[in-house]
Structures are given as C-alpha cells and as structure tokens.
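J.: Can you look at this prediction? I've put the sequence above it.
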Amino acid sequence: MDTTLILVIVVIVMAIVFDFLNGFHDSANSIATIVVTKTLTPGQAVLMAGLANFVGYFTFGIAIAKTVGKGIINIENITLEVVLAALIGAIVWNIITWLLGLPTSSSHALIGGLIGSAVAAAGFKAVIISGVAKIVVFIFMAPLIGMLAASLFTIGILWLFRKATPTKANSIFKKLQLLSSFSYSVGHGTNDAQKSMGIIALALFTGGITKSFQLDTWVVISCYAAISLGTMMGGWRIVKTMGTKIIKIRPMEGFSAETASAMVLIGTAHFGIPVSTTHVIAGSIMGVGAVEKGAGVRWITARRIIWAWFLTIPLTALCSAITYFVLTLF
C-alpha cells in the first residue's frame, strides 16, 4: 500500500471522526428545543432528526458539499496534508468548545481549518476570497436573520393565540413542534452533514482515487451515519445550553425558533451557502426571547456564545496552520 493511499484512508477516517464530533457538538441543536419541552424523548428526537437529515439530502442535493470542496480553497493548492491538517484543527476546536458547553459552529471550524492549512502550505493565493467573504458575511447575517425571522414569527404567533389559555396553547404547540423540529432537521442535515462529504470527495480526488469531484453513495451513508451516532452519544451539554441557558424554552418558543431557523437554513441551502446551523438556531432562540421579554434572555450566556462565534475561524485557522507545519516535518 503506497503512502498516498494510506494518507487518503487517514483523511477519510478523520473526516468521519469530525462528522461524529459534529453530531456530538452541533446536531444537538436540531433537537434541543423539542427535548427540553418534553415533546419527544431524546431517543425519539434522534430518530426523527436522522430521518429528516436524509430528507434534506434528497431534497436539496449537494450544493453545500461542492462549496466546501471547491469554493473556499483553490483546488490546485490542495494536498492531502492540507486537508488532514484542516480536519485536525477543526476537531481540536470542537472538543474544546464541547467541554466548555459552547454551541459554536463545526462548519466554521472546518472552514477556518481549510483556510489556515492552505495558507500555511501555499500562502494567501490559495484562498478563494469571494467564497470566504460570502461565508464571513453570513457569520454576522445568519444569526441576525434567524433572530429577525423568529421575532416576527413570534409576534404573529402571540397575536394569533392571544385568547388561548396557556394549557391549550401548550397542547397545540407540542403537536406543531413535531413539524417545526422535523423541518429544522431537514435544513440542518442539508447544511451540516454535507460538509464532511465535501471533504471526503476532495480527498479522493486529490489522492487520485477519483477522476473528478464526486459524491459516491457510500460517502453519503457514512457521513449521515456518523453524524447521527454523534448525536445519540453525547450532544447533551449543548442541548442544556441551547434549551435552558439562553431563555427558558416552552413549546411555543421551540416552535417559533425552529420554524424560523428552518426557513433560513433551507433558503441558504438553495444558494449553496454553508451557514452555521448553530448560529441560526441560537439567533432564533434569542429573537424569541427578546420579543417575549428581553430581560428573560440570559445575555451573559449569549455574549459567551457570540465571542466563540467570532473566534472560531481565526483560532482553528491558526491551529490547522501549526498542524500543517508539524505534519510536513514527517
């Protein structure tokens, strides 16, 4: 077995590990509100989210995977070492922020990793400025759009149900939350599960295993299985942060936040923009809380989350650049 093939296998394994940690870290966002409101048990929510992820893939194709694989770094500057260093940087960041209970973006960790390792290997000419600029803009825009959409949606819901008793409203929204959570998970799967697929397809092409950037069925199945298993195994620290430490989530809040987030994620997926599902749902939760009672939002927690958002790309870029230099020593 030659060195290139071994390196391809290592990259694929690391991509699957990253995808698992994405589930460990990020996928809990898609089930946080429905679990905290006790609409579904964790096991039921995981099964529903996994099914919805696959619906997202068959509905919206692979636009996000293509953006990650071909729209951030010039493909002629990509080597297997660059991809491996990017994955290691992203994995390290995910583990650190998971331990801290911070719902940061695995997507942006991966993008920061790609930028850092590619710049270390070939300089800034390796970066596709237009692709990165679009992603950076949506670091700011995605949570704001989620917040605005959730605020407007919540205002409408409060007006429509202004005469309903709390008991009746909770009963209605628990049922509606099944639809909103499923819809959010469709958008979540369309975005997050595709990022590791793009990396694996990139590694196969760079290593000469495939003749073009393509997504085989085994790649799709592997990535969805890994992200679903990660959700089942350990995303509950993030569930607690998202579901209780920003605002107190009840069925109405969960329904409003999930519906607004689903609309944002499905819209950005249509244009192939790899936004952070974490940023969108967190922004939506803040928007719901701000409408109901701004003082009810735990802004200290919100500030910690926002700082982590801004630091994700530069810190993972630095980590991946250092990792690349270490790899080249061997």
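T.: Right, received. Where do you want to start?
J.: Quick check: the residue in the chain sticking out farthest from the centre vs Phe173, distance?
T.: Most distant from the centre of the chain: Lys163, at 37.3 Å, with distances by Cα atoms, centre = their mean. Note on Lys163: its distance to Phe173, by Cβ to Cβ, to the nearest Å, is 15 Å. Glycine gets a C-beta too; all of them are placed from N, C-alpha and C.
J.: and if you look at Leu148?
T.: Counting by Cβ to Cβ, the gap from Leu148 to Phe173 is 21 Å.
J.: same thing with Thr323?
T.: Taking Cβ to Cβ, one finds Thr323 at 46 Å from Phe173.
J.: and what of Trp307?
T.: 32 Å.
J.: now swap in Gly50 and tell me
T.: Distance, Gly50 to Phe173, using Cβ to Cβ: 23 Å.
J.: picking up where we left off before, Leu148 and Phe173: which is more packed in?
T.: Neighbours were counted for Leu148 and for Phe173 using other Cβ atoms under 10 Å; Phe173 has more, 22 against 15.
J.: need the contact list for that one.
T.: Counting by Cβ atoms under 8 Å, 6 or more residues apart in numbering, Phe173 makes contact with Arg250, Pro251, Met252, Gly254, Phe255.
J.: For the longest helix seen in the chain, name the packing helices and strands.
T.: Longest helix in the chain by number of residues (criterion: DSSP state H): helix 129-160. Contact here means 3 or more Cβ pairs under 8 Å, 6 or more residues apart in numbering; DSSP states H and E; on that basis helix 129-160 packs against helix 106-122, helix 251-270, helix 277-293, helix 299-328.
J.: got the angle for the helix or strand following that helix vs helix 277-293?
T.: Beyond helix 129-160 in the direction of the C-terminus, DSSP states H and E gives the next helix or strand as helix 166-188. On the basis of axes from the mean of the first three to the mean of the last three Cα atoms, to 10 degrees, helix 166-188 is oriented at 160 degrees to helix 277-293.
J.: Run through the residues that contact Met252.
T.: Met252 is in contact with Thr154, Ile157, Phe161, Ala169, Asn170, Phe173, counting by Cβ under 8 Å, 6+ apart.
J.: count of residues packed around the second one?
T.: Neighbourhood size, Ile157 [other Cβ under 10 Å]: 20.
J.: now the closest residue to it other than its chain neighbours: how far from Met48?
T.: The shortest distance from Ile157 to any non-neighbouring residue, by Cβ to Cβ, 6 or more residues apart in numbering, is to Ser256 (5.7 Å). Distance from Ser256 to Met48, counting by Cβ to Cβ: 19 Å.
J.: Who has more neighbours out of those two?
T.: Using other Cβ under 10 Å, the more surrounded residue of Ser256 and Met48 is Ser256, with 31 against 18.
J.: Gly23 belongs to a helix, doesn't it?
T.: Yes: counting by DSSP: H, G, I helix; E, B strand; the rest coil, Gly23 falls inside a helix.
J.: wait, it sits on Ala226?
T.: Yes: under the criterion of Cβ atoms under 8 Å, Gly23 is in contact with Ala226, at a separation of 6.7 Å.
J.: out of the two, which sits in the busier spot?
T.: Using other Cβ under 10 Å as the criterion, Gly23 and Ala226 rank with Gly23 on top: 31 against 22.
J.: what's the burial count for the closest residue to the more buried one other than its chain neighbours?
T.: Counting by Cβ to Cβ, 6+ apart, Gly230 is the residue found nearest to Gly23 once chain neighbours are left out, at 2.3 Å. If you count neighbours by other Cβ under 10 Å, Gly230 ends up with 23.
J.: so how far is Ala193 from Gly230?
T.: Distance of Gly230 to Ala193, computed by Cβ to Cβ: 11 Å.
J.: what do the two both touch?
T.: If you check Gly230 and Ala193 against Cβ under 8 Å, 6+ apart, the residues they both contact are Asp19.
J.: contacting residues around stretch 267-277?
T.: Contact partners of stretch 267-277, identified using Cβ under 8 Å, 6+ apart, comprise 26, 29-30, 56, 60, 63-64, 66-68, 71, 105, 107-108, 111, 134-135, 138-139, 142, 187-188, 190-192, 194-195, 261, 264-265, 309.
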